[in-house]
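predicted model and sequence below, questions to follow.
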Amino acid sequence: MALIVPSILSADVARLGEQVAATQAAGADRIQVDVMDGRFVPNITFGPLVVEAVRRHCTLPIEAHLMIVEPERYVADFAKAGADTIIVHQEVSLHLNRTIQVIKGLGKQAGVAINPATPLADLQEVLGDVDLVLCMTVNPGFGGQEFITSMLNKIERLRAMIQQHNARCDLEVDGGIHAETATQATRAGANVLVAGSGVYDAPDGIAAAIARLKAAVV
């Protein structure tokens, strides 16, 4: 069964503690905090203080997805704030291997994300060093976007690459995840699914949304 990771990008910030607690109670496996700087992506969102706030309201592992330039400058701040996994983007990490080693040296899991147009070949040199690779299935920057269906082939190729290199990393997907696309993504090879609006904008509530996602990936 794939892991379900709600992203608080779509949560009601005024009720963040309440919604995070409800997310844990509903059976989510992790929580993701989307960090955007208005430079790498066209939006500004959260920082380490929000990671601290999320940590106060749940015991689930927290992923900090750093959609920011110069992520190496901030990984220690997010580690100190309580993030368990720190994900940086290949596109803005000039010395990617060094950044991965810094994250691991802080006692955290290291992840690398790639945008839809980024070639998979750019990941080959670090697959053996990371705990997670994140294949974006939308162009990052905003919640509520539609899943790019051509990414299913990319997920399949990334799964094959992971197996070819005997890497022991999760394959996470993020963007446009709901019950139907969750099934498609897991069939293509993903084992971790990030869902934002599919969880927090569900008309029947967080618990029902998570239950649907879990049923879709059995």
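Received the coordinates, thanks. Numbering: from 1, shown residues only.

tell me which element residue 166 is part of?
Using DSSP states H and E, residue 166 falls within no helix or strand.

tell me the spacing between the residue lying closest to it once chain neighbours are set aside and residue 100.
Leaving out its chain neighbours, the residue that sits closest to residue 166 by CB to CB, 6 or more residues apart in numbering is residue 128, at 7.9 Å. All C-beta spots, glycine's among them, are computed from the backbone N, C-alpha and C. Separation of residue 128 from residue 100 (CB to CB, to the nearest Å): 10 Å.

comparing the two, which residue is more hemmed in?
residue 100 (22 against 12; other CB atoms under 10 Å).

give me phi/psi at residue 201?
For residue 201, the backbone dihedrals are phi -100, psi 10 (criterion: degrees, to the nearest 10).

if I look at it, how far off is residue 144?
7 Å.

quickly list what's touching both of the two.
Counting by CB atoms under 8 Å, 6 or more residues apart in numbering, the shared contacts of residue 201 and residue 144 are residue 10.

so which bits of the top helix by length along the chain are buried?
Longest helix of the chain, by residue count under DSSP state H: helix 151-164. Neighbour counts over helix 151-164 (16 or more other CB atoms under 10 Å) mark 151-152, 154-155, 158-159, 161-162 as buried.

any low-confidence regions in this protein?
By pLDDT under 70, the chain has no low-scoring segment.

residue 86: what secondary structure?
For residue 86, the secondary-structure state derived from DSSP: H, G, I helix; E, B strand; the rest coil is strand.

dig out what it forms beta bridges with.
Using DSSP bridges, the beta-bridge partners of residue 86 come out as residue 64, residue 110.

I'd guessed it sits against residue 109; true?
Yes: counting by CB atoms under 8 Å, residue 86 does reach residue 109; the two are 7.5 Å apart.

what about the helices in this protein?
Assigned by DSSP H, the helices in the chain fall at 16-25, 48-57, 75-81, 96-105, 151-164, 179-188, 197-200, 206-216.

and residue 133, how far from residue 54?
Look at residue 133 and residue 54: by CB to CB, they are 23 Å apart.

can I get the buried residues of helix 151-164 in CSV with distance to residue 197?
Listed next are the buried residues of helix 151-164 as CSV, based on distance: CB to CB, whole Å:
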residue, distance to residue 197
151, 17
152, 20
154, 22
155, 20
158, 24
159, 25
161, 29
162, 28
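
closest one to residue 118 out of these, please.
Residue 118 lies nearest to residue 154 out of the buried residues of helix 151-164, by CB to CB, at 9.4 Å.

quick one: contacts for the closest one?
By CB under 8 Å, 6+ apart, the contact list for residue 154 reads 116, 120, 135.

let's go with 10 Å and repeat that
Going by CB atoms under 10 Å, 6 or more residues apart in numbering, residue 154 touches 114, 116, 118-120, 135-137, 148, 173, 188-189.
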